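J.: sequence plus predicted model, see below.
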Amino acid sequence: MSESKLTNNQILALSTKEEKKIAVDKKFPGAVEHVKALLEAIGEDPNREGLKDTPYRVVKSFIELYKGYDESPEDVLSTFFSEESETLTDGMVLCDHITFYSTCEHHMIPFSGVCHIGYLPNDKVVGLSKFIRLVEAFGRRLQIQERLGCNIADAIMDILKPRGAGVVIIAKHLCTSSRGAANHTNHMTTSNMRGEFRTEPETRAEFLKLIELSGTVNLSV
Ligand SMILES: [Zn+2]
């Protein structure tokens, strides 16, 4: 495999700093020079001691901040357990308080928070870790919170084909708190309901109640 094709995890696993630098430069061509130009544009000297490695570090951070572009939701949710429909007919599954970190596409400044996912399986269920990966797959890109919830809900509906799904995201937006609107809230809550979560008020209410209940339980050992 050529270095230009290395995945994010393969780059992070490289043993020497020099190997990493070459791989990062191939993955994000020209980006280090662009960050240097940005430093100059804000009035900095990119050659001063403290900033010498900063352009490279900024670009290296892209490997984790934007690794979602290399993830396919189909791959993430492809390992499901099939169950007889009858055994799943009345069970709602809630995966709550999945913490995530994303980057606002308007300012390239972080927003982060928690994501609650619920669904009513038909005949496919997946492990909790898959939902964590699904949130990462869509979150580790340039995003807006409104679309992040839609992406997650739509992927669950398209791939697992449940009777319904709901996604509630509560996030803090640093682009608001760090840029002159500090006296206003920097929290946003979004909800995306699909299938029976949208059409059945009782299902939606059960989902929201379960989220509330899950927040009151301390499972730490
Ligand atoms: Zn923003």
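T.: Right, received. Where do you want to start? Numbering: from 1, shown residues only.
J.: where's the residue lying closest to Pro162 once chain neighbours are set aside, which helix or strand?
T.: Of all residues not flanking Pro162 in the chain, Tyr119 sits nearest, at 4.4 Å (C-beta to C-beta, 6 or more residues apart in numbering). Where you see a C-beta, it was placed from the backbone N, CA and C, and this is true even at glycine. Tyr119 is part of strand 110-120 when elements are defined by DSSP states H and E.
J.: who does that strand pair up with?
T.: strand 93-104 (antiparallel), strand 164-173 (antiparallel) (DSSP bridges).
J.: just give me the neighbour total for the residue nearest to Pro162.
T.: Tyr119 has 29 neighbours, counted by other C-beta atoms under 10 Å.
J.: which residues does it bridge with?
T.: According to DSSP bridges, beta-bridge pairing links Tyr119 with Val93, Ala165.
J.: if I pick it, what's in contact with it?
T.: 92-93, 156, 160, 162, 164-166 (C-beta atoms under 8 Å, 6 or more residues apart in numbering).
J.: if we take those, which one ends up nearest to the ion?
T.: Among the contacts of Tyr119, Gly166 lies closest to the ion (C-beta to the ion), at 25.2 Å.
J.: go through the host helix or strand of Met188 and flag the buried ones.
T.: Using DSSP H and E, Met188 falls within strand 187-195. Neighbour counts using 16 or more other C-beta atoms under 10 Å place 188, 190-195 of strand 187-195 among the buried residues.
J.: and the pLDDT at the most centrally placed residue in the chain?
T.: Computing the C-alpha centroid of the chain and ranking residues by C-alpha atoms, centre = their mean puts Gly139 first, at 2.1 Å. pLDDT recorded at Gly139 is 98.
J.: you'd agree Tyr69 is up against Arg141?
T.: Yes: counting by C-beta atoms under 8 Å, Arg141 is a contact partner of Tyr69 at 5.7 Å.
J.: more crowded one of those two?
T.: Arg141 (20 against 12).
J.: now do the contacts for the residue nearest to the more buried one when sequence neighbours are not counted.
T.: If the residues on either side of it in the chain are set aside, Arg141 comes closest to Gly68, at 4.2 Å by C-beta to C-beta, 6+ apart. With contact set as C-beta under 8 Å, 6+ apart, Gly68 has these partners: 136-141.
J.: all set now, cheers.
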